[in-house]
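[1] here is a sequence together with a model predicted from it:
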Amino acid sequence: MENVSGVLVRFKDQFLTFTNVPGVKIGVIDIIEILIISVLFYNILLWIKTTRAWNLFKGIIVILLFVLLAAIFQMDTILWLAERLFNVGLVAMVVIFQPELRNALENLGGKTILGDFFSTSHGEVEKFSDKTIEELIRACFAMGKVKTGALIVIEDEINLGEYIRTGIDVDAILTSQLLINIFEKNTPLHDGAVIVRGNRVVSATCYLPLSDSLSLSKDLGTRHRAAVGVSEVSDSLTIVVSEETGAVSTAYKGHIEHDIDSKYMKEQLKQLQNRHREATRFELIKRRFKNGKQDSKDLHK
């Protein structure tokens, strides 16, 4: 505890020296306040990044930058419109972010903030193994040969919890035999989507949002529209096996690619697998704290 207090005191002294404001007094309570606000802000940003709100949040930032430019160049008409739309915008944000806000409050009630902050789990979801890739390819093209329809969503950074809750929990290691049995015609779990997280099938018979994009062909069925729909609101990769033709397709970021082969599908899965993995939140804080101590030592040498 004394070491921590010493580091905080040195931080205060360095801050006052850097800002050259001798009249400013920073107490222990002020430092605790700054830490609490920093932790809350950091966790809010992490929550935004792992939901659909991230893309909406970036859109809001673009609008705010546009308003800032209007203020710099004194574009009075745009500023007048922005001022009138501000109150309406606050209500619109609540409506737009309603599902994410509801999920965040449910999660807040279901676990402690400190437990989540000091969790050793990664900010990103667990990546799947090479064996899982082989099992996925084997299952999809085996189902394609006998024209068994399938819809498989592979979760990446954005959490798909709201769609997982609409299905039936499976929580089993992903194998080709498991997927083939799930999508076998007239079985209880064959209707709907399977959601994969890491190396496990977490849920089956899940309901997905259908895409209303006018650019999609009218010949596409419900499975393909659902695959594009979930790819529009998340960063997941969705695999579709057509019940009519047996062709395998993939949907990613609102774009669907039809009738792909096993080699191309493996390339897509490898790209998803090799995306940058973030360090844990606690590891990041420890690393920054350690770097700060080292910088402090170097400064006093």
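    Looks like it came in fine. Residues are numbered from 1 along each chain as shown.
[2] tell me where the chain has strands.
    Under the criterion DSSP state E, the chain contains strands at 150-154, 168-173, 193-197, 200-206, 237-241, 248-252, 255-257.
[3] can you tell me what sits against the longest one?
    So the one you mean is strand 200-206. The contact list for strand 200-206 (C-beta atoms under 8 Å, 6 or more residues apart in numbering) reads 153, 163-174, 178-179, 182, 188-189, 191-196. Quick note: C-beta positions are derived from backbone N, CA and C, even for glycine.
[4] any stretches of the stretch 201-301 of the chain with poor pLDDT?
    276-301 (pLDDT under 70).
[5] helices of that one, residue ranges please.
    Counting by DSSP state H, counting those that start in this stretch, residue ranges of the helices within the stretch 201-301 of the chain are 222-232, 262-273, 281-299.
[6] quick revisit: make TSV out of the strands of the chain and add distance to residue 273 and mean neighbour count.
    Listed next are the strands of the chain as TSV, based on distance: least, C-beta to C-beta, whole Å; neighbours: other C-beta atoms under 10 Å:
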stretch	distance to residue 273	mean neighbour count
strand 150-154	10	25
strand 168-173	17	12
strand 193-197	12	25
strand 200-206	15	21
strand 237-241	10	25
strand 248-252	14	22
strand 255-257	18	15
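[7] any idea how far residue 190 is from residue 135?
    18 Å (C-beta to C-beta, to the nearest Å).
[8] between these two, point out the one with more neighbours.
    Shown here are residue 135 and residue 190; by other C-beta atoms under 10 Å, residue 135 has more neighbours (20 against 17).
[9] the more buried one touches residue 173, doesn't it?
    No. Taking contacts as C-beta atoms under 8 Å, residue 135 lies outside contact range of residue 173: 9.1 Å.
[10] what residues are shared contacts of the two?
    What both residue 135 and residue 173 touch, as defined by C-beta under 8 Å, 6+ apart, is an empty set.
[11] mind listing what residue 69 touches?
    residue 75.
[12] make 256 the first number, not 1, from now on.
    Sure thing, new numbering starts at 256, so read that last one as residue 324.
[13] please state the offset of stretch 432-446 from the chain centre?
    For stretch 432-446, the separation from the chain centroid amounts to 28 Å (computed by C-alpha atoms, centre = their mean, to the nearest Å).
[14] what residues sit buried inside it?
    Residues 433-435, 437-438, 444-445 are the ones in stretch 432-446 that count as buried (16 or more other C-beta atoms under 10 Å).
[15] show me which of these is closest to residue 522.
    Nearest to residue 522 among those: residue 434, at 20.1 Å, using C-beta to C-beta.
[16] show me what contacts the closest one?
    Contacts of residue 434 by C-beta under 8 Å, 6+ apart are 390-391, 394-395, 398, 405, 407, 449, 456.
[17] quick one on the thing from earlier: which among the buried residues of stretch 432-446 gets closest to residue 475?
    residue 438 (18.7 Å).
[18] centroid-nearest residue for this structure?
    The residue lying closest to the centre of the chain (C-alpha atoms, centre = their mean) is residue 413, at 2.0 Å.
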